[in-house]
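Participant: From the sequence below, what's the structure:
(one chain, ligands or ions: 1)
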Amino acid sequence: MFYDPRENLRPGPLSHNPLNALVAPRPIGWISTISGQGEWNLAPFSYFNAFSADPPLVGYAPNAKVGEDGAKDSLANVLEVPEFTVSVVSADLAEQMNETSRAAPHGVSEYELAGLEAGESRLVRPPHVALARAVLECQVFDIVELPAGKDGRGSQLVLGEVIGIYIDDDLIVDGKVDGKALRQVARLGYFDYTVVDNLFELLRPE
Ligand SMILES: Cc1cc2nc3c(=O)[nH]c(=O)nc-3n(C[C@H](O)[C@H](O)[C@H](O)COP(=O)(O)O)c2cc1C
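Facilitator: Numbering: from 1, shown residues only. Sure, this is the predicted structure:
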């Protein structure tokens, strides 16, 4: 089949917008932010990636209904305190990562909800998942407004410069991060996930 998503996002026989299944796997940015009042927030974003290696820049895109006071905390907080952390999700943290996608009742942090300990970050105010084997500490670089969709939801791309990187020393083998040991979780389409546990090397042509 071939179709123009500007006319219809899911023409038959598609029951869902297939974009998430086609742009996959996507790494999960487990984003922690802090409000001006010092309340912590933690939520997963698979509209997340790295956009530049030097200087290192990463971004995530929280969506919400436009025009209502419904901005996700992960956006509202960076407008108040322009910093965030990214905790890398290993397979053993997948269930807890999913728990933190609940809209937590006001005043309850997702750390508490998912039974996760928060670690103090070194260079930014938001904490991070203490058990994460790698963490990026970021300063907001820019927030780009993305167009609203037919369903009335719009999103913002929150770009951050990585100013601090934590890596569990045990993960560093021969000067490289051992991707197999990290067992990173990534998002596919629908409710499907994958774990990075099968690697192959392909050297660049001479
Ligand atoms: C694996 C996973 C990936 C997600 N990716 C996104 C995303 O890229 N953008 C988004 O707006 N919501 C995403 N969500 C939903 C948010 O995590 C959820 O709306 C969360 O409650 C937002 O939290 P906040 O209001 O505390 O910021 C994702 C959920 C899961 C489980």
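
Participant: Low-confidence ranges, this structure, go.
Facilitator: Residue ranges of the chain with pLDDT under 70: 68.

Participant: After the top helix by length along it, which helix or strand is next?
Facilitator: For the chain, the helix with the greatest residue count under DSSP state H is helix 73-80. Using DSSP states H and E, the next helix or strand after helix 73-80 towards the C-terminus is strand 83-87.

Participant: If the spatially most central residue of the chain is in a bridge, with which residues?
Facilitator: The centroid of the chain falls nearest to Gly29 when counting by C-alpha atoms, centre = their mean (2.0 Å). Gly29 has the following beta-bridge partners by DSSP bridges: Phe45.

Participant: what do you get for Thr33?
Facilitator: On the basis of DSSP bridges, Thr33 is bridged to Asn41.

Participant: how about it, what does it touch?
Facilitator: Contact analysis of Thr33 by C-beta atoms under 8 Å, 6 or more residues apart in numbering lists Trp40, Asn41, Asp73, Ser74, Asn77, Val78, Val81, Glu83, Phe84, Pro126. Glycine gets a C-beta too; all of them are placed from N, C-alpha and C.

Participant: Please indicate which of the residues you listed has the highest neighbour count?
Facilitator: Among those, the one with the most neighbours (other C-beta atoms under 10 Å) is Phe84, at 28 neighbours.

Participant: Compute the distance between that one and the ligand, please.
Facilitator: 11 Å (C-beta to the nearest ligand atom, to the nearest Å).

Participant: partners of the lengthiest strand in the chain in the sheet?
Facilitator: Taking DSSP state E as the criterion, the chain has its longest strand at strand 153-167. As defined by DSSP bridges, the strand partners of strand 153-167 come to strand 56-60 (antiparallel), strand 63-65 (antiparallel), strand 134-146 (antiparallel).

Participant: gap between the nearest residue in space to Pro55 that is not next to it in sequence and the ligand?
Facilitator: Leaving aside its sequence neighbours, Pro55 sits nearest to Glu161 (C-beta to C-beta, 6 or more residues apart in numbering; 5.6 Å). Relative to the ligand, Glu161 is positioned 20 Å away (C-beta to the nearest ligand atom).
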